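no FASTA, just this:
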């Protein structure tokens, strides 16, 4: 395997095209392109038919594409609006799938206007479904990302004290990550303290951390193109009984989900494992998001592990398990682990402690 390419992925894609009765697929979305071709340039279009693989890009990326995608015929097209449709017309196909959730109206219009009678058909979930099941190499890279994230959090939690700002916590975390060799962050780091911890996506601000604050830290890193994601909530200085109660409920809910999740159950069923616990303690209205989501090349990707997740979880999908309780004016708690779904349960990639810590 070179880069993101392997023949198994192409084979699954071609089988899906055959089932759809379509001649080819046009891939523009950068993550899908990397996954299927190994090309990291992110500009161009992969064209995959039942027996040919092409990578169409402009002058800037020709050498890179030839190096990263040796199993693809690299085609130069400096004017995508005209030259890409002309190339597609030349390969003798009658139908082609396109990524309806990614391409914009102008690109779609250009293709429709310049393709000679070739029917464009929405791709649907074909590549999403293939990407959902991770191979050994993908799981290894996600595990590496998670391990470095845990090292960083272990370092930073020792620095947190009253008087420090949320931004200072985030900066220390991100410096450690970059020094550790990560390619970058999976998403903008969340550090939410005190009343702001009731904001599930409370990005770090200049708010000063005070004695008695919840501090929720939610972050992820990218390692060799793959993401991690985790959350831990701490209390600074002194904890109230109310804070301890909320934390214990969230932890019990997460443990119920971790013990019950397995391949074959739907995202709805997995979500219910944790939600039932939170509702039993009377906090149901304060758990407003889903239990989790898929993680891979993107930090949010299928499968859905929430009230809308009506599809069965597949073995070797990587998902988060992140129940939470968020009470306006008081604060909130979220505990998030990163898991590999297995037929007989889960493999937890998160090893940092989750017992309540008062810093």
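That came through, no problem. None of the values given here were measured: they were computed from a predicted structure. Residues are numbered from 1 along each chain as shown.

which outside residues touch the helix ranked longest in the chain?
Counting residues, the longest helix found in the chain (DSSP state H) is helix 136-157. Under the contact criterion Cβ atoms under 8 Å, 6 or more residues apart in numbering, helix 136-157 has outside partners 1, 134, 169, 172-173, 176-177, 180-182, 186, 217, 219-228, 230, 232, 234, 295-296, 316, 318, 338, 340, 349-352, 357, 359. No exception for glycine: its C-beta is placed from N, CA and C like everyone else's.

after that helix, next one along is what?
helix 166-179 (DSSP states H and E).

just to revisit the earlier point, list the buried ones in the longest helix of the chain?
138-139, 141-150, 152-153, 156-157 (16 or more other Cβ atoms under 10 Å).

all helices of the chain, in order?
7-20, 30-37, 62-68, 80-90, 105-114, 126-132, 136-157, 166-179, 241-260, 267-280.

For residue 334, find the nearest of the ones you listed.
Residue 334 sits nearest to helix 241-260 of all those, at 7.0 Å, using Cβ to Cβ.

how does this structure divide into domains?
As given by automatic domain parsing, the domain ranges for the chain are 7-131, 133-348.

just those domains: most buried one?
domain 133-348 (a mean of 19; mean count of other Cβ atoms under 10 Å).

Find the centremost residue of the protein, please.
Computing the C-alpha centroid of the chain and ranking residues by Cα atoms, centre = their mean puts residue 299 first, at 1.9 Å.

who's in contact with the closest residue in space to it that isn't next to it in sequence?
Nearest non-adjacent residue to residue 299, counting by Cβ to Cβ, 6 or more residues apart in numbering: residue 186, 4.0 Å away. Contacts for residue 186 were tallied using Cβ under 8 Å, 6+ apart; they are 145, 219-222, 227-229, 299.

Tell me the one of those nearest residue 78?
Using Cβ to Cβ, residue 222 is the member of these that sits closest to residue 78, with 30.2 Å.

That closest one and residue 181 touch, don't they?
No - using Cβ atoms under 8 Å, residue 222 is not in contact with residue 181; the gap is 10.8 Å.

So which residues of the stretch 251-359 of the chain form strands?
Applying DSSP state E, counting those that start in this stretch to the stretch 251-359 of the chain gives strands spanning 292-294, 301-305, 318-321, 324-327, 331-334, 337-342, 345-348.

do you know which of those lies nearest residue 264?
Nearest to residue 264 among the strands of the stretch 251-359 of the chain is strand 337-342 (9.2 Å), distances taken as Cβ to Cβ.

From residue 306, how far off is residue 74?
Plainly put, residue 74 is 41 Å away from residue 306 if you go by Cβ to Cβ, to the nearest Å.

ok, now residue 349?
Distance from residue 349 to residue 306, by Cβ to Cβ: 20 Å.

Also residue 353?
Taken as Cβ to Cβ, the span from residue 353 to residue 306 is 26 Å.

Ok, residue 214 next?
Residue 214 is 24 Å from residue 306, by Cβ to Cβ.

next one: residue 45
33 Å.

again with residue 143
24 Å.

wait, isn't residue 45 in contact with residue 28?
Yes - using Cβ under 8 Å, residue 45 is in contact with residue 28, at 5.4 Å.

Quick one, grab the pLDDT at residue 69.
Looking at residue 69, its pLDDT reads 95.

Go ahead and confirm it touches residue 39.
Yes - if you go by Cβ under 8 Å, residue 69 and residue 39 touch, sitting 4.8 Å apart.

nearest residue to residue 286 other than its sequence neighbours?
residue 325 (4.7 Å).

For that neighbour, list each beta-bridge partner.
Counting by DSSP bridges, residue 325 is bridged to residue 333.

In contact with it, which residues are there?
Counted by Cβ under 8 Å, 6+ apart, residue 325 has contacts 246, 249-250, 278, 283, 286-287, 332-333.

swap the cut-off to 10 Å and go again
By Cβ atoms under 10 Å, 6 or more residues apart in numbering, the contact set of residue 325 is 198, 233, 245-247, 249-250, 253, 278, 281, 283-288, 331-334.

Tell me the pLDDT of it.
pLDDT at residue 325 comes out at 98.

What of residue 358?
For residue 358, the model assigns a pLDDT of 97.

same check, this time on residue 81
Reported pLDDT for residue 81: 86.

where does residue 12 sit relative to residue 343, distance-wise?
Separation of residue 12 from residue 343 (Cβ to Cβ) stands at 20 Å.
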